[in-house]
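# Below are the sequence and a predicted model for it; my questions follow.
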Amino acid sequence: MAVFGLLAAAMGVVGLVAPAIMLTAMGFEPIPDASRAEGDHTLVFLTASSMAALNMGVYYILASLADWKPFFRWTVPFRLLTCTVFTLAVVTGRAPAGFLGVGLWEGLGALATGAALRYETRPGKVAEA
């Protein structure tokens, strides 16, 4: 959880400071500001999602430091939902193929979190002192 939090926060900062890098990483071609059509709000949405990623990253880090297991469990179904929505966005042509990486990141993170939670609660596991 802490690693995901650090990465999410870092990506949020990158999106806020260098939006072109974030767009390129997700498979979008950055457009120079002078070439943007009036009413193109791409950077507004990127700013909003980057700020959300930064906040989310901090939440994950704090939950990790507190070892807040209920929070960890809550993230699994919602990260799987995010994986599904982002993957469908690529499959239906709403997003470029590079965006599939975002969906896979969420899906694999959810599966890893779920597996770790299951491992920790397996029968016969010796409690830590």
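Great, that's in hand.

# And the average pLDDT for stretch 1-10 is what?
For stretch 1-10, mean pLDDT is 93.

# can I have it written out in CSV, keeping just the CAs?
This file holds the C-alpha atoms of stretch 1-10, laid out as CSV (Å, rounded to 0.1, in the frame of the first residue of the first chain):
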residue,chain,number,x,y,z
MET,A,1,0.0,0.0,0.0
ALA,A,2,2.8,2.4,0.8
VAL,A,3,4.5,1.7,-2.5
PHE,A,4,1.3,2.4,-4.4
GLY,A,5,0.8,5.5,-2.4
LEU,A,6,4.2,6.8,-3.1
LEU,A,7,3.8,6.1,-6.8
ALA,A,8,0.4,7.6,-7.0
ALA,A,9,1.6,10.8,-5.2
ALA,A,10,4.6,11.0,-7.5
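
# and that stretch, which residues are buried?
Going by neighbour count (16 or more other C-beta atoms under 10 Å), the buried part of stretch 1-10 is 1, 4-5, 8-9. All C-beta spots, glycine's among them, are computed from the backbone N, C-alpha and C.

# Please, which helix or strand holds Phe78?
Following DSSP states H and E, one finds Phe78 within helix 69-91.

# I meant to write Leu16 there.
Using DSSP H and E, Leu16 sits within helix 2-17.
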